[in-house]
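*Asks:* Could you work out the structure for the sequence below:
(chains A and B)
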Amino acid sequence: GQQVMQIPQYQHVQEGEDFTTYCNSSTTLSNIQWYKQRPGGHPVFLIQLVKSGEVKKQKRLTFQFGEAKKNSSLHITATQTTDVGTYFCAGAGNNRKLIWGLGTSLAVNP
Amino acid sequence: GAGVSQSPRYKVAKRGQDVALRCDPISGHVSLFWYQQALGQGPEFLTYFQNEAQLDKSGLPSDRFFAERPEGSVSTLKIQRTQQEDSAVYLCASSLHAAQYFGPGTRLLVL
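*Replies:* Model (predicted):
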């Protein structure tokens, strides 16, 4: 079945360093979404990417969707302690069902 | 309401007991999703409603799991004869377009 792999599983950075998480799907996606989950919280929607090669920015966050629509990345510039949490990618095929990666847990040392 | 609400927030059940988990979606949201999230894992899809119609229930782990949304708003996830492996956080999300808005979840512990 369809699988979404996400790496790394954990990332520990010093505040101010950059951070990137990568997402790879076993099948071509119609779109990919990114969510952030704080410890003890629930997933919060960040963004959706739909077009091949799409790049979107939200302040210090940059999201990319690969040309083949099978991979994606999230890059955070100059991390802050407020960025702590687990970042999930979730891919959609031809229906509304999302297949979620295992997430990348980000820890930031002040 | 302002967001998705779920009740109860915590539930402890004895093995074999039936439980019912409630989700109140954001008003007007057509789509409603149920997920199961184990510790340290990503959400696992259980089932999906569009209004009152259950369009996909492929993620329900067994016939002990049953979900309904009879009037296209509030939804209930029922687990019969709970087992220890059912212990997890059960998340509900509602959606109007692409973004899914999650409730706080129900943490179920089966002893």
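
*Asks:* Can you give me the buried ones in stretch B:80-87?
*Replies:* Under the neighbour-count criterion of 16 or more other Cβ atoms under 10 Å in any protein chain shown, stretch B:80-87 has B:82, B:86-87 buried. Yep, even glycine has a C-beta here, placed from its N, CA and C like the rest.

*Asks:* Contact residues of chain B facing chain A?
*Replies:* For chain B, the contact set with chain A under Cβ under 8 Å from any Cβ of the partner chain comprises B:31, B:33, B:41-45, B:48, B:50, B:55-56, B:58-59, B:91, B:93, B:95, B:98-105.

*Asks:* Weed out the non-buried ones from those residues.
*Replies:* Using 16+ other Cβ under 10 Å as the burial test, the residues of chain B next to chain A include B:31, B:33, B:42-45, B:48, B:56, B:59, B:91, B:93, B:95, B:100-105 as buried.

*Asks:* Look up which helix or strand the spatially most central residue of chain B falls in, please.
*Replies:* Centre of chain B computed as the mean C-alpha position; nearest residue by Cα atoms, centre = their mean is residue B:34, 3.8 Å away. Here residue B:34 sits within strand B:31-37, counting by DSSP states H and E.

*Asks:* Partner strands of that strand, with direction?
*Replies:* Here strand B:31-37 is paired, per DSSP bridges, with strand B:44-50 (antiparallel), strand B:88-95 (antiparallel).

*Asks:* got the contact list for the last one?
*Replies:* Under the criterion Cβ atoms under 8 Å, 6 or more residues apart in numbering or on different chains, residues A:42-43, A:96, B:4, B:6, B:21, B:23, B:25-26, B:29-39, B:43, B:46, B:75, B:77, B:100-103, B:105-108 lie in contact with strand B:88-95.
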